[in-house]
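> how would this look folded up:
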Amino acid sequence: MKTALITGASSGIGKELAKIHASKGGDLIIVARSGDELRQLKSDLESAYQVQVHVIVKDLTAPNATQEIYDEVKSAGIHVDYLINSAGFGGLGKFHKRDWETDQQMILLNIMALTHLCRLFIPDFVKRNEGKILNVSSTASLMPGPMQAVYFASKAYVTSLSNAIAQELSETNITVTNLVPGATATDFGKTSGMDKTSLFDQTATSKDVAQTGYDAMINGDMDVKAGLRFFQKAMLAAIPLTPKKVLLKMVEKMQQPRD
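Numbers count the residues shown, from 1 in each chain. Predicted coordinates for the structure are as follows:
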């Protein structure tokens, strides 16, 4: 069975992806900052599914973190078949008023860590002419996001990068899948403050989103949307037809926190 490396595996979509992969008999490398949560997940999955789970406690925003992860995997002699980049975070507020260090961390995690892990593991995939990548983006990637300028921009980067790499590898047996979830019931809503906005009035479960993403990765799909309600689908469909200034005002209004 295949071995999957999953970042952001201590909670939310990443944790559910780990459960899904283990339930199919796959071994895991789970990565996050939260050591206690990772070790508990390791115990649960190994007990329930008789798989091997390797824990790497790492802050992906730290210098050299991604290289250290790759080096540890190689030193352990673990053969990675699936790379799943699920780690990420957002945050509300006007760009010029937000704490710069927080937004810098967001860029380091959402963009730099994901990009470097892809760059580290893809050459190994190419040598074997097999492998799958799943990058967790967001519907935020499909439009600019006033009140979450850096987060929306970071996810636009993830979608663009994923699609470009998918094309570059299109004549190989390696696939790159871009998962585009809508509002999802995870810790993200609380940490970003989005749980107090109208966008999070109706959320999908992280389990459902993870299942949709995992299945799309296995199928080798390039893009897959997940967890969208009817009004969200309608809004996304209308984006190309909506004047940009109108769209920006709509997005800004939807991201205003309630009292």
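> next, Thr7: phi, psi?
Per-residue torsions, Thr7: phi -90, psi 160 (degrees, to the nearest 10).
> next, the nearest residue to it once chain neighbours are set aside: secondary structure please.
Excluding the flanking residues, the one nearest Thr7 by C-beta to C-beta, 6 or more residues apart in numbering is Ala87, at 4.0 Å. Where C-beta positions appear, they are placed from N, C-alpha and C, glycine not excepted. Secondary structure, DSSP: H, G, I helix; E, B strand; the rest coil: Ala87 is coil.
> pretty sure Ala87 sits against Ala113.
Yes: in this structure Ala87 lies within contact range of Ala113 using C-beta atoms under 8 Å: 6.7 Å.
> quick revisit: residues contacting the residue nearest to Thr7?
7-8, 14, 31-32, 60, 109, 113-114 (C-beta atoms under 8 Å, 6 or more residues apart in numbering).
> pLDDT weak spots in the stretch 51-200 of the chain?
184-200 (pLDDT under 70).
> give me the residues contacting the host helix or strand of Ala153.
Following DSSP states H and E, one finds Ala153 within helix 149-168. For helix 149-168, the surrounding residues in contact (C-beta under 8 Å, 6+ apart) are 88-91, 95, 98, 103, 106-107, 110-111, 114-115, 118, 122, 133, 135-138, 140-145, 175-178, 180, 192, 222-223.
> farthest-apart pair in the contacts of Ala87, please.
For these, the maximum inter-member distance is 14.1 Å, found between Ala32 and Leu114 (C-beta to C-beta).
> burial of Leu108, as a residue count?
Residues within reach of Leu108, counting by other C-beta atoms under 10 Å, total 18.
> before we move on, what about the one 5 residues further on?
Other residues within reach of Ala113 by the criterion other C-beta under 10 Å amount to 25.
> for it, give me its contacts.
Contacts of Ala113 (C-beta under 8 Å, 6+ apart): 7, 60-61, 65-66, 85, 87.
> about what we covered before: of the contacts of helix 149-168, buried ones?
88-91, 98, 103, 106-107, 110-111, 114-115, 118, 122, 133, 135-138, 140-143, 145, 175-178, 180, 192, 223 (16 or more other C-beta atoms under 10 Å).
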